[in-house]
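Chemist: sequence unknown, structure follows:
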Ligand SMILES: Cc1ncc(COP(=O)(O)O)c(C=O)c1O
């Protein structure tokens, strides 16, 4: 049996491969989802959500939810908002709608590995644009230089997985003016530390914004995301989405609508999420400084620290940490060639585990003489 060419060389991500090495004794700092459990109110809303209709919704999602999502934005809920089965499905639908074989897609390096893989699935080439330590900011000129006649999409991710960096508003505005379609992945938008990150919501006709509840509401398994785009751009995306998902789970849609309706609860929830991640970030930065002897620029958003490790092959190093030191982290190379020499430490774990995991890395480095 020959698999389709579009999936040739597409493997289980390194993230999944490293996570597969977990044992009951491992400290897992490889994880990409919040360590936050639903509170009583969120569970109550979920119970209420089960009582609503279980039938298909319109492909783009129930209008009531689209209206909630569009509040405060210039998007028309009827034609410029699409509810998706998570951000990932939104990205898949966007790539399916616009990316042809032979096209080029500009992707951040280091960056979330799905972007390059989606380009490959569409027969296109991912063209990495580099982000440089220690601030990991987008150099718009470097990005501009990589634009060719074949460039179909530019992908921007702020706050960034795996870097925790946030792009300032003026950078995002300059990127919107470069010309090609821009996909702004804002799934970490609500997870920030000192100031809310800028968004590309409402930017030019060529800008597509994706977001979701996976990270902000610790709802990774409920698969609820959304896309904002101007009507002409949105039309083919909704067509693609129809053939991928039909519609997002109506249970998750109903729950999302309840969450946005209860503004006070939602504001308090998000404040609580940010407070918890702030504590975990402080613990991670302190442990990294003391155990790994590195002072990182504090991440401005998301829940990842991208830490340099002494020169070594970081893929074997991450495997070694998993099997010999019982701590899971993701090798930087999983996020692009610029990630060589770094590991992604997720601090979406209780403070004691964050500290214990980083201590294990430090001990392993010292005992192996690295
Ligand atoms: C940058 C980024 N975009 C998208 C996703 C996918 O999120 P969702 O659960 O909404 O599909 C992730 C998940 O880790 C991510 O890190």
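Modeler: Everything's here; your move. Computed from a predicted model, the values in this text were never measured in an experiment.
Chemist: switch to C-alpha atoms for all contacts and neighbour counts from now on
Modeler: Will do.
Chemist: Tell me the secondary structure of the closest residue to residue 291 other than its chain neighbours, please.
Modeler: Counting by CA to CA, 6 or more residues apart in numbering, residue 362 is the residue found nearest to residue 291 once chain neighbours are left out, at 4.9 Å. Secondary structure for residue 362, judged by DSSP: H, G, I helix; E, B strand; the rest coil, is helix.
Chemist: How many residues are close by residue 362?
Modeler: 20 (other CA atoms under 10 Å).
Chemist: what does residue 203 give?
Modeler: Neighbour count of residue 203, defined by other CA under 10 Å: 18.
Chemist: what's the answer for the one 4 residues further on, then?
Modeler: Taking other CA under 10 Å as the neighbour definition, residue 207 ends up with a count of 24.
Chemist: Kindly report the same for residue 327.
Modeler: Counted with other CA under 10 Å, residues neighbouring residue 327 total 30.
Chemist: Also residue 44?
Modeler: Residue neighbour count, defined by other CA under 10 Å, stands at 12 for residue 44.
Chemist: and if you look at residue 21?
Modeler: Residues lying near residue 21 (other CA under 10 Å) number 15.
Chemist: try residue 4
Modeler: Burial of residue 4 is recorded as 8 neighbouring residues (other CA under 10 Å).
Chemist: What score does it have for pLDDT?
Modeler: We have a pLDDT of 92 for residue 4.
Chemist: likewise residue 370?
Modeler: Listed pLDDT for residue 370 reads 68.
Chemist: Repeat that for residue 354.
Modeler: 98.
Chemist: Now for it: which residues touch it?
Modeler: Contact analysis of residue 354 by CA atoms under 8 Å, 6 or more residues apart in numbering lists 27, 29, 280, 283-284, 347.
Chemist: Any stretches of the stretch 251-370 of the chain with poor pLDDT?
Modeler: By pLDDT under 70, the low-scoring segments of the stretch 251-370 of the chain are 370.
Chemist: Output the residue of it whose distance to the ligand is smallest.
Modeler: Nearest residue of the stretch 251-370 of the chain to the ligand: residue 302, at 8.7 Å (CA to the nearest ligand atom).
Chemist: wait, that residue sits on residue 161?
Modeler: Yes: between residue 302 and residue 161 there is a contact under CA atoms under 8 Å: 7.0 Å.
Chemist: higher neighbour count, these two?
Modeler: Of the pair residue 302 and residue 161, residue 302 is the one with more neighbours under other CA under 10 Å, namely 32 against 25.
Chemist: tell me the contacts of the more buried one?
Modeler: Residues near residue 302 by CA under 8 Å, 6+ apart: 159-161, 164, 188-189, 191-192.
Chemist: List just the nearest of those residues to residue 269.
Modeler: Of all these, residue 191 has the smallest distance to residue 269: 11.5 Å, by CA to CA.
Chemist: What separation do you get for the closest one and the ligand?
Modeler: Per CA to the nearest ligand atom, to the nearest Å, residue 191 is found 12 Å from the ligand.
Chemist: Where do the helices of the stretch 201-350 of the chain begin and end?
Modeler: With DSSP state H, counting those that start in this stretch, the ranges of helices along the stretch 201-350 of the chain come out as 231-245, 250-261, 263-291, 314-324.
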